[in-house]
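> Predicted model and sequence follow; I will ask about them next.
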Amino acid sequence: MRYLLMIAGPEPTEEQKTAGCEGWSEDLLERGVLIGGGGLHPPSTATTVRVRDGDVLLSDGPFAETKDQIGGYVVLECADLDEAVEHASRHPAATYGTIEVRPLLG
């Protein structure tokens, strides 16, 4: 089953940005678990889209008022949720932010 890991937290420090995933991605690629993923530009570059009463409403920046931000995502192919959680717990961002794990439909 495929799982989406949404990586969220405060703006990473320069040290955290430089460290990156510290071998985490390479390990999962070798195991055949990592399907894809990537980092995101900061929330200030976001455009939020909503449709209300047939009108398209655009807003600059993120919709949510929060200090945390979605900084990246990963798609994994795992046997079950336990395996996905185990991989998520080893992601370096789990030490300073949060990682939400969700099964993908289909």
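Ah, there it is. Residues are numbered from 1 along each chain as shown.

> where exactly do the helices run in the chain?
14-19, 24-31, 81-89 (DSSP state H).

> Of these, flag the one that's most buried.
Among the helices of the chain, helix 81-89 has the highest mean neighbour count (mean count of other CB atoms under 10 Å), at a mean of 15. For the C-beta atoms, the positions are set from N, CA and C on the backbone; glycine is no exception.

> now it: mean pLDDT?
Throughout helix 81-89, pLDDT has a mean value of 95.

> and that helix, what does it pack onto?
strand 2-9, strand 98-103 (3 or more CB pairs under 8 Å, 6 or more residues apart in numbering; DSSP states H and E).

> That one versus strand 2-9: what angle between them?
Calculated by axes from the mean of the first three to the mean of the last three CA atoms, to 10 degrees, helix 81-89 forms an angle of 30 degrees with strand 2-9.

> follow-up on the earlier one: mind checking which of the helices of the chain is nearest Asp68?
Distance to Asp68, taken as CB to CB, is lowest for helix 14-19 among the helices of the chain, at 14.1 Å.

> will you turn the helices and strands packed on helix 81-89 into a markdown table that also has distance to Trp24?
Shown next, in a markdown table, are the helices and strands packed on helix 81-89 (distance: least, CB to CB, whole Å):
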| stretch | distance to Trp24 |
| --- | --- |
| strand 2-9 | 11 |
| strand 98-103 | 11 |
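
> Thank you kindly, that will do.
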